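Asks: Structure here, sequence nowhere to be found:
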C-alpha cells in the first residue's frame, strides 16, 4: 500500500524507488539522499544494512559480509531462526550509522545477523507462500484463544520466509498463561511459535484508521516513539477532563496532548507561583483557572459564585500585601468587554438586493393578474355563446360575400339572339 500522501498517484505507491514526493511509503522510511554520491574509501564504508519486514512495520540491522552492493528496494535473504528470512533493503550507506546512533546500536557489535545473498526466485516464492498463510493462521489462532478462554487479543502474526517460525503479537491487560495455547499452535500449524506482547498504542498503529481531526492516525503514519500521556497535560492546557473526547481509537489518552504541552509550560512560567489563594477583607479568594492567552487568573469568593479575572500584575501586588500581613479592600477585577457579534453580510445580486418580502409581493401580484385575466376570458367566452344564434360571425359574413361574387363570375352570359333584328349602322359586319 502506498502512504496516505503518495504523490505518484499509483495504488501501490512508488515502492520506495524515489518517485514519492514525501520520500516514504511507510512511517519508518528514511530518504537516502546520499545514495547517488560516489564512495572514495570502500574499506571505511558502512557495511551495515537496514532491512524492513512486514511492509515496513518492523526494521532491523544486518551486516553485509558479501562483495555485493545492494540498492534500496531490493529483496535479500538473511539469517533466520533455524532457517532464512527475506527482507527489503530500506537504507544503506552512511545514513545507517546515523540510524544506529539514534537507536543506541553499536556498529562493532558481534550480534548482527548476516546477509546471505540476493533473494532468488525460489526464496521469493517461499516468501509469498508464507505471507499468504498469515491471515488464515491468525483467524484460527483467535478461535483457539477463545476456546481456551484466555484474556488476550491476538492482533498480528508474522511468519518467517521459509515457513519454520511464526511470531504472534498480542495485547493483554494482565499476565496470561498461554503454555497450553503454544502447544496447540505448534501441533496444528507445524511451526515454531514465539509470543510477543505489544502495547495498545502499537496495536492501533498496526490497525490504522482516521482520527477525530479527519486525518490518518499519527501512530500509523509517522509517530514511532510512544510516550506516556496523563491527565496532567490536559490540566495544563485547561481542557475539560472528558474521557470520551480525550481518548483515541486505542482507548488511551491521545498522543497529540503532548504536542503543545511545552508551549503551555513555557507560557506558565510568567505566572506567579503559590497563588492558589488570595486574602482580601471579604475573605479568601480561590483560584479557578488560568488563561495563558490573555494573561489572566480567575478567582472566586466563598460568598459568591461569580468569577473575577485578575491580571498577573494585580495578583503579584495582592501577594506582596498578604506577605506583609495586609489585606486589600477588593480584588479589582478586570472588566472584560464582550466580543461584538459580527453581522453576517447579506447576499447581494448584480441587480440589487433581494428579500423574501419583495419576492412574496411579486408573487401575489402575478397571481392576482393571472386571476383577473382568467375571469375576463371567461366573461368573453360566455358573451360569444349567448350571441351565437342572433348574429353571424364577421368571418362567416365575408365568406358569404365571396361566394356570391364567385357565382356572378361563373354564371352563363345572356343570349343576344333578340338583337339580330336590329338594323346595321355600318359599324359592324353582319355575321355570316
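Replies: Now that the structure is in, tell me what you want to look at. The shown structure was predicted, so the numbers you read here are calculated from the model rather than taken from an experiment.

Asks: how far is stretch 266-283 from where the chain is centred?
Replies: With Cα atoms, centre = their mean, to the nearest Å as the basis, stretch 266-283 stands 42 Å off its chain's centre.

Asks: Counting neighbours, show which residues of it come out buried.
Replies: 275, 278-280 (16 or more other Cβ atoms under 10 Å). (Glycine included, C-beta is placed from N, CA and C.)

Asks: again, but for stretch 236-256
Replies: Buried residues in stretch 236-256 (16+ other Cβ under 10 Å): 236, 246, 248-250, 252-256.

Asks: repeat for stretch 73-89
Replies: 75-78, 80, 84-89.

Asks: Quick check: the two most widely separated of those residues?
Replies: Farthest-apart pair in those is 80 and 89; separation 16.6 Å (Cβ to Cβ).

Asks: How far does the longest helix along the chain sit from its chain's centre?
Replies: Ranked by residue count and defined by DSSP state H, the top helix of the chain is helix 356-386. Counting by Cα atoms, centre = their mean, helix 356-386 is centred 56 Å from the centre of its parent chain.

Asks: Could you name the helices and strands sitting against it?
Replies: The criterion is 3 or more Cβ pairs under 8 Å, 6 or more residues apart in numbering; DSSP states H and E, and there are no helices or strands that helix 356-386 contacts.

Asks: before we move on, the earlier item: can you tell me which of the buried residues of stretch 266-283 lies closest to residue 227?
Replies: Closest to residue 227 out of these is residue 275 (29.8 Å), distances taken as Cβ to Cβ.

Asks: doesn't residue 297 make contact with the closest one?
Replies: Yes. Using Cβ atoms under 8 Å, residue 275 makes contact with residue 297 at a distance of 6.7 Å.

Asks: okay, and the common contacts of the two?
Replies: Common contacts of residue 275 and residue 297 (Cβ atoms under 8 Å, 6 or more residues apart in numbering): 287, 315.

Asks: coming back round to it: quick one: mean pLDDT for the longest helix of the chain?
Replies: Helix 356-386 shows a mean pLDDT of 78 in the predicted model.

Asks: got a list of what residue 234 touches?
Replies: Here residue 234 is in contact with 240-241, 246, 253, 257 (Cβ under 8 Å, 6+ apart).

Asks: now, which of those residues sits nearest residue 367?
Replies: Nearest to residue 367 out of these is residue 240 (Cβ to Cβ; 55.5 Å).

Asks: possible to save the buried residues of stretch 236-256 as a markdown table with secondary structure and pLDDT?
Replies: Below are the buried residues of stretch 236-256 laid out as a markdown table (DSSP: H, G, I helix; E, B strand; the rest coil; pLDDT from 0 to 100):
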| residue | secondary structure | pLDDT |
| --- | --- | --- |
| 236 | helix | 86 |
| 246 | helix | 90 |
| 248 | coil | 89 |
| 249 | coil | 87 |
| 250 | coil | 88 |
| 252 | coil | 89 |
| 253 | strand | 90 |
| 254 | coil | 91 |
| 255 | helix | 90 |
| 256 | helix | 90 |
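
Asks: In CSV, list the residues you listed along with distance to residue 128.
Replies: Formatted as CSV, those follow (distance: Cβ to Cβ, whole Å):
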residue, distance to residue 128
236, 51
246, 43
248, 34
249, 31
250, 31
252, 36
253, 40
254, 38
255, 35
256, 38
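
Asks: which among these gets closest to residue 50?
Replies: residue 255 (25.1 Å).

Asks: now the closest one: how far from residue 267?
Replies: Distance of residue 255 to residue 267, computed by Cβ to Cβ, to the nearest Å: 21 Å.

Asks: Residue 247 too?
Replies: Distance check for residue 247 against residue 267: by Cβ to Cβ, it reads 26 Å.

Asks: ranges for the strands of the stretch 151-300 of the chain?
Replies: 153-159, 165-171, 192-197, 277-280, 283-291, 296-300 (DSSP state E, counting those that start in this stretch).

Asks: wait, which of the ones you listed is closest to residue 144?
Replies: Nearest to residue 144 among the strands of the stretch 151-300 of the chain is strand 153-159 (9.2 Å), distances taken as Cβ to Cβ.

Asks: so for the closest one, what's the average pLDDT?
Replies: In the prediction, strand 153-159 has an average pLDDT of 91.

Asks: Which neighbours in the sheet does that strand have, and how are they oriented?
Replies: Strand 153-159 pairs in its sheet with strand 165-171 (antiparallel), by DSSP bridges.

Asks: just how off-centre is the partner strand within its chain?
Replies: On the basis of Cα atoms, centre = their mean, strand 165-171 is displaced by 31 Å from the centre of the chain it belongs to.

Asks: go on, stretch 48-60?
Replies: Worked out by Cα atoms, centre = their mean, stretch 48-60 lies 28 Å from the chain centre.

Asks: Next: stretch 318-325.
Replies: Offset of stretch 318-325 from its chain centre (Cα atoms, centre = their mean): 53 Å.

Asks: Can you mark which positions in that stretch are buried?
Replies: The neighbour-count check on stretch 318-325 (16+ other Cβ under 10 Å) flags residue 318 as buried.

Asks: Show me the shaky parts of the stretch 151-300 of the chain.
Replies: Within the stretch 151-300 of the chain, no stretch has pLDDT under 70.

Asks: Give me the below-cutoff pLDDT ranges for the stretch 1-150 of the chain.
Replies: Low-confidence segments of the stretch 1-150 of the chain (pLDDT under 70): 1-44, 55-56.

Asks: Just the ones of the buried residues of stretch 73-89 in strands?
Replies: Mapping the buried residues of stretch 73-89 onto strands (DSSP state E) picks out 75-78, 84-89.

Asks: from those residues, which single one is nearest residue 315?
Replies: Nearest member of those to residue 315, counting by Cβ to Cβ, is residue 88, at 59.7 Å.

Asks: which non-adjacent residue is nearest residue 236?
Replies: Leaving aside its chain neighbours, residue 236 sits nearest to residue 264 (5.0 Å; criterion: Cβ to Cβ, 6 or more residues apart in numbering).
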